[in-house]
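> the following block contains a protein sequence and its predicted model.
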Amino acid sequence: MTAVQYDNIAIGDELIPLPIPLDRTLIVAAAIASRDYQDVHHDAELAQAKGSKDIFMNILTTNGLIGRYVTDWAGPDAVIKKVAIRLGAPNYPGDTMTLTGTVTRKEDGADGGGTVDVSIVGKNNLGDHVTGIVTVALAASTGETSR
């Protein structure tokens, strides 16, 4: 895996969209892994009793998927500095959330690298599940080809 380098990034660059199929196993397993035992994330009957049509993904899973999306793009040398997200439409089993991202800001660092803001949107069939900004630190170019 090659790393995205700061000087090879421009405002307006777009990340390759990432469709994520949403199934019960992902939603339940990720909630349990993040120690979120609220019934709305694993028990359909109790979720429906609370007004939801089904179980739905928790915010920690969404946050983790966003982190994966950005670091898969940026490479192993990148460091996430900040994640600021807002949830919208729920992620239900049987749907697909597609993550997209666009570089919206660059700030030079002292070492030739710097930070970039990536505007993130995760859409499903109901609309925007998540919107936000991820700030990631990138290294300066080493003269190698980046992706």
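Structure's in. What do you need?

> I'd assumed residue 120 was in contact with residue 134.
Yes - between residue 134 and residue 120 a contact is recorded at 5.8 Å, counting by Cβ atoms under 8 Å. Where C-beta positions appear, they are placed from N, C-alpha and C, glycine not excepted.

> what do the two both touch?
Taking Cβ atoms under 8 Å, 6 or more residues apart in numbering as the contact rule, residue 134 and residue 120 both touch 66, 70, 101.

> can I get those residues in TSV including distance to residue 32?
Converted to TSV, those look like this (distance: Cβ to Cβ, whole Å):
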residue	distance to residue 32
66	20
70	24
101	28
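
> and the residues you listed, which is closest to residue 14?
residue 101 (6.9 Å; Cβ to Cβ).

> burial count for that closest one?
Other residues near residue 101 number 24, with proximity taken as other Cβ atoms under 10 Å.

> contacts only, for residue 120.
So residue 120 contacts 66, 69-70, 85, 99-101, 130-134 (Cβ under 8 Å, 6+ apart).

> can you list the weak-confidence ranges in this structure?
Residue ranges of the chain with pLDDT under 70: 1, 142-147.

> and the contacts of residue 120, which is closest to residue 140?
Taking Cβ to Cβ as the measure, residue 140 lies nearest residue 70 of these, at 18.9 Å.

> could you pull out the buried residues of the strand or helix carrying that closest one?
Residue 70 belongs to helix 59-74 when elements are defined using DSSP states H and E. By 16 or more other Cβ atoms under 10 Å, the buried positions in helix 59-74 come out as 61-63, 65-66, 69-71, 73-74.

> name the helices or strands packed onto it?
Packing partners of helix 59-74 (3 or more Cβ pairs under 8 Å, 6 or more residues apart in numbering; DSSP states H and E): strand 18-21, helix 24-33, strand 79-87, strand 96-108, strand 114-124, strand 127-138.
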